[in-house]
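Visitor: Predicted model, plus sequence, below.
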Amino acid sequence: MKFRKFFLRGLAFILPTILTFALLAWGWGFVKERIAAPINAGVRQLVVRVSQYPQVSEREMAAHENQVGAAELQRWRAGGDYRAVLRLETRHAVLLARWTNYAIPLDLIGLLLAIALIYIVGAAVGSYLGKWLYRRGELLVKKIPLIKQVYPSIKQITDFFLDDEQIKFSRVVAVEYPRKGLWSLGLVTGTPMKVVQQLAQAPCLTVFVPSSPTPFTGYVITVPQADTIDLSISIEEALRFTISGGMVIPAIQRMEPENEAPSSKLE
């Protein structure tokens, strides 16, 4: 029994660190292989085709010719000027070998170009023409079979975390939802619609109640401000609480072991 207890305690201690580094390693590998590598390959092709670097000798061309398979050589011969193709392919192979020798600094070229490209796209989409083109392109994507079933969900997730023009949450509250006696965690988004405020005849709040474990979906409700309880936790802590299904409780709201008895007090 003690072995299981101590083992689980040790696992709970080291697992977050391991998973954090594993996630960072996966992220770096994904960026390096799926984003930086194709850009770097394009950079090498551009260098070979628009410049005279690197220069290659007849010996290097012959050595490269001996390393290439028969099918590839046949394709080069079918392309026209065999010697020109062989020289071009040899230059590319030499450049790749030199690039590999300085891979750590040179591989950053693809990453920096990717960042610059993303920035340019973001700036372009912010213009009137860019917004129009983006909307037209999005409409076309949503008409493609299979993609139209996947794209909206993926876009909803990325918009939730990345789009700075999406809903701004001001604070975290507890509300009795979906009925009296059941308390839900909500994120205040602002004031309600005018007609609702007039019918309520009391100050109201518009609250987004996120669902678990996917907080980018949920319900928007309007409740009287008097029926909400402000919680002294951050938006990030509230999202962690929701994603974990209530298992990750903010430290300031965590009850001491001796106070674990049921209680209706939420503050």
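Guide: Noted; the coordinates are in hand. Numbering: from 1, shown residues only.

Visitor: ok, and the closest non-adjacent residue to residue 107?
Guide: Distances taken as CB to CB, 6 or more residues apart in numbering put residue 36 closest to residue 107, at 5.8 Å, once the chain neighbours are dropped. From N, CA and C alone the C-beta is placed, and that goes for glycine too.

Visitor: Pretty sure residue 178 sits against residue 218.
Guide: No - assessed by CB atoms under 8 Å, residue 178 is found out of contact with residue 218, at 11.7 Å.

Visitor: Show me which of these two is the more surrounded one.
Guide: residue 218 (17 against 10; other CB atoms under 10 Å).

Visitor: contacting residues for that one?
Guide: 208-211 (CB atoms under 8 Å, 6 or more residues apart in numbering).

Visitor: Quickly list what it is bridged to.
Guide: residue 210 (DSSP bridges).

Visitor: wait, isn't the residue nearest to residue 107 in contact with residue 106?
Guide: No - with contacts counted by CB under 8 Å, residue 36 stays clear of residue 106, the gap being 10.1 Å.

Visitor: Compare neighbour counts for those two and give me the winner.
Guide: For residue 36 versus residue 106, the count of surrounding residues by other CB under 10 Å is larger for residue 36: 20 against 15.

Visitor: where's residue 4, which helix or strand?
Guide: Per DSSP states H and E, residue 4 falls inside helix 2-30.

Visitor: Which other helices and strands does the helix or strand following that helix contact?
Guide: Beyond helix 2-30 on the C-terminal side, the first helix or strand identified by DSSP H and E is helix 37-50. Using 3 or more CB pairs under 8 Å, 6 or more residues apart in numbering; DSSP states H and E, the elements in contact with helix 37-50 are helix 82-101, helix 103-125.

Visitor: quick one: low-confidence ranges for the stretch 51-200 of the chain?
Guide: Along the stretch 51-200 of the chain, the parts satisfying pLDDT under 70 run over 160-168.

Visitor: quick one: pLDDT of the residue nearest to residue 107?
Guide: You'll see residue 36 listed with a pLDDT of 88.

Visitor: next one: the one 10 residues further on
Guide: Looking at residue 46, its pLDDT stands at 93.

Visitor: So what's the residue count around it?
Guide: There are 10 residues near residue 46, going by other CB under 10 Å.
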